[in-house]
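Q: Based on what follows, work out the 3D shape:
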Amino acid sequence: MTESTEPGRARPEGRGRADPAEQPLGDPDLRDLLVRATIVEQRVRRAVELRRSTDPDPDDDFRGLYLTDENVTRLLDEEGARGFPALTGAPSEPRPGSRLSALAAEFGLTPLDTEILLIALVPDLDDRFEAFYAYLNDDVSRRRPSIGLALGLCGTAPSDAAARARLAAGGPLRAGGLLLAEDLDRPFLSRSLRVPDRVAAHLLGDDTPDPRLADLLAPWQAVPGVGDPAPLAGVLADGVTLAYLSEDQGGAGTALAASALTSAGRGVLGLDLARLAEDPAPAEAVRSLVREARLTGAGLVCAPLDAVARERPHVLRLLTATPVPTVLVGRAPWDASWSAAPPLLLHAPRVGPSARGALWTEAYRRWAPGPLPPSIAPDHLLAPFLLTPEQVTGAARSAAQTARLDGGVLTPDHVRRGARAQNAAGLDRLARRIEPAVTWEDLVLPPDAHSQLRELTARARHRDRVLGEWGMRPGGGRGRGVSALFAGDSGTGKTMSAEVIAADLGLDLYTVDLATVIDKYVGETEKNLERIFTEAAGVNGVLLFDEADAIFGKRSDVKDAHDRYANVESAYLLQRMESFDGLAILATNLRANLDDAFTRRLDLVIDFPVPGPEQRLLLWDRCLGPTVPRGADLDLAFCAENFELAGGNIRSIAVTSAYLAADTGDEVTMETVIHAIQREYQKLGRLTLASEFGPYLELVQG
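A: Below you'll find the model as predicted:
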């Protein structure tokens, strides 16, 4: 055969005829597809032969633009070149149990739909069909079958309204994402048909998810021992397609949903709604996701619902209208406008302390096989943290990596740091984060105050067991939070005590900046506080409201509009504090200014008195520290006995003394300490009395 060398003419290369016996056809699904594709090949062959027999000018050089009869004949003679088996009694329906038959059943395809799908698919199985379709389309640039050509190959008249409807945008092929119609500006019959790559790959046995969804999928899996999935699994198996699992901080909603779908015989396809909210084309992503679920026989687990509930409710309406089982997980109350049909409403439990420890241990051993060190008790170390199953797994991996960096020996600090690493960063924009650097040994307080602080840490550590498993706070919409009031003069150790509690629990301390909260406009202060409480609900930390009387003040009689709105603000705070699930500490210098209703809702009220002489002596010694050089004449007992100062003032004096000693290159002596005390008195506006300074008064006068 002589190929054309005329400029602009195509030069298709021939292929040698392959022996079908040499083609690997062991996979039943692949053989079924190739057998059915053979039917399409024979139809194309008949169409080509018919065209030749009726072509009035077969010698026209421009017929088919670039493809000659010789080229097409050569391609047709290559039967089996792509492994198509010889057609001997091929079935008219897909083989039962094959991927093609499962796809037809899932998407509700008729035999005509299936034939059209195969006609559009074969160019992806054998590139000879590109030339065949280009020849039949009389346009070498159009190498896909048109709608008219596909209907003709199926023996259906192009004017058949029912057949045309199967290829409309609302038909199962196009609505399900199995077939794409291109060139939409062309007349209906001349529009090209194409099978998406993901559908072709699935029919060939590849279940790799669509790359379009790579950044949206979440690896949520079933977790044994977390809740009871049987009730939800039962209704999903019975045909319920929509459920909403509400959860609190540390809830096991996604794990419970995945377990229920697995028990119902479905796969699990997780969707991260926070990432979907940032997607530029969420509707397209949802369609791809639904097609993925239908191709693989999976159900959808979508979380967190709160990420799209307010800003993109139309995305929720798309998700709730899917034909596949869909379980939504979130914290927001369900809004009936999000779906046409009401969902099954359930509440997901938290991961209990014992289940949390077991899950952490199992996850940790994936990264560091072998027994845990004797000092590691995950149940106890993770008790203050409210973590989801996914966060527990992440905490275990983080702990393993940190331990490997530090030499390979796991310590309790590694466990706590791994848990803290799961915190969201939203609260950092609204409050100042402090990594605790002090311990109980650094705290100097009266025994009663010290004991109450220990009780507060016990409440925070065991609240899941007492309030959850034992049900000691039922009803009323009350949260499982722990709240306390630290009352005392400035410098008596309130902030430091909060830091010690955070360190003991392994949590971060977040100090709320009142400048970011209080607003002169009506209602804005409440909005700012709501943002803080909302972000704090996603963070395992201690929330400290310093100078709390500024925002938690007493309600008063209404004499003007200012009083009315001030009372509204206080009433809101009363309700919000009661429903808060975290650990909140209010610190104030003016306890009497706080509303009595706040006091009733607090778990503990701890008074911080001005320290006595014995406590002041300890404070002087600890504030100066072991490394600061001390002079022989330094009399800390005299300082503790004569100067009634709070711990914060003593620390300030110690720091000033150290600067004075560093400047002179000398030790810290009584002269430098007395000078620093004088400067502190000047700051406080206190008089320098001879009764206090005694024999050192002349140092002050000098």
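
Q: all contacts plus neighbour counts: C-alpha atoms, from now on.
A: Fine.

Q: ok, then the element right after the lowest-mean-pLDDT helix or strand in the chain?
A: The least trusted helix or strand in the chain, going by mean pLDDT, DSSP states H and E, turns out to be helix 561-579, with a mean of 64. Sequence order places strand 583-588 as the next helix or strand after helix 561-579, per DSSP states H and E.

Q: Kindly spell out which helices and strands sit in contact with that next one.
A: For strand 583-588, the packing partners by 3 or more Cα pairs under 8 Å, 6 or more residues apart in numbering; DSSP states H and E come out as strand 482-488, helix 494-505, strand 541-545.

Q: Mind jotting down where the strands sit in this protein?
A: With DSSP state E as the criterion, the chain has strands at 180-181, 193-194, 217-218, 242-246, 267-272, 298-303, 326-330, 344-347, 431-434, 482-488, 508-512, 541-545, 583-588, 604-608.

Q: Now tabulate the ones you listed in CSV and tack on mean neighbour count, distance to residue 657 and mean pLDDT.
A: Output for the strands of the chain, formatted as CSV (neighbours: other Cα atoms under 10 Å; distance: least, Cα to Cα, whole Å; pLDDT from 0 to 100):
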stretch, mean neighbour count, distance to residue 657, mean pLDDT
strand 180-181, 18, 80, 94
strand 193-194, 24, 82, 95
strand 217-218, 18, 57, 92
strand 242-246, 24, 57, 95
strand 267-272, 23, 56, 95
strand 298-303, 26, 56, 95
strand 326-330, 27, 55, 95
strand 344-347, 14, 59, 94
strand 431-434, 16, 26, 88
strand 482-488, 24, 26, 89
strand 508-512, 23, 29, 90
strand 541-545, 26, 30, 90
strand 583-588, 23, 29, 87
strand 604-608, 19, 26, 91
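
Q: what's the closest of the ones you listed to residue 659?
A: strand 431-434 (25.1 Å; Cα to Cα).

Q: just to revisit the earlier point, mind checking the helices and strands packed on strand 583-588 for the one nearest to residue 631?
A: Here helix 494-505 is closest among the helices and strands packed on strand 583-588 (Cα to Cα), at 28.7 Å.

Q: Compare the helices and strands packed on strand 583-588 and give me the one nearest residue 133.
A: Checking those against residue 133 by Cα to Cα gives strand 541-545 as the closest, at 65.3 Å.

Q: now the angle between strand 583-588 and that closest one, please.
A: Per axes from the mean of the first three to the mean of the last three Cα atoms, to 10 degrees, the angle that strand 541-545 makes with strand 583-588 is 20 degrees.

Q: on that earlier part again, among the helices and strands packed on strand 583-588, which comes closest to residue 376?
A: helix 494-505 (14.6 Å).

Q: Who are the packing partners of that closest one?
A: Against helix 494-505 (3+ Cα pairs under 8 Å, 6+ apart) you get helix 447-463, strand 482-488, strand 508-512, strand 541-545, strand 583-588.

Q: Check which helices and strands the first one sits against.
A: Taking 3+ Cα pairs under 8 Å, 6+ apart as contact, the helices and strands that helix 447-463 lies on are strand 482-488, helix 494-505, strand 604-608.

Q: Quick check: residue 349 vs residue 494, distance?
A: 35 Å (Cα to Cα, to the nearest Å).

Q: now do residue 216
A: Residue 216 sits 45 Å away from residue 494, going by Cα to Cα.

Q: Among the two, which residue is more densely surrounded?
A: Higher neighbour count among residue 216 and residue 494: residue 494, with 26 against 20, using other Cα atoms under 10 Å.

Q: Surely the more buried one is in contact with residue 585?
A: No: assessed by Cα atoms under 8 Å, residue 494 is found out of contact with residue 585, at 9.5 Å.

Q: Overlap in contacts, these two.
A: Here residue 494 and residue 585 have residue 486 as joint contacts, going by Cα atoms under 8 Å, 6 or more residues apart in numbering.

Q: Same list (the helices and strands packed on helix 447-463) but as a markdown table, adding distance to residue 197.
A: Formatted as a markdown table, the helices and strands packed on helix 447-463 follow (distance: least, Cα to Cα, whole Å):
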| stretch | distance to residue 197 |
| --- | --- |
| strand 482-488 | 54 |
| helix 494-505 | 52 |
| strand 604-608 | 63 |
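
Q: Please name whichever of these is nearest to residue 392.
A: Judging the helices and strands packed on helix 447-463 by Cα to Cα, what sits closest to residue 392 is helix 494-505, at 16.5 Å.
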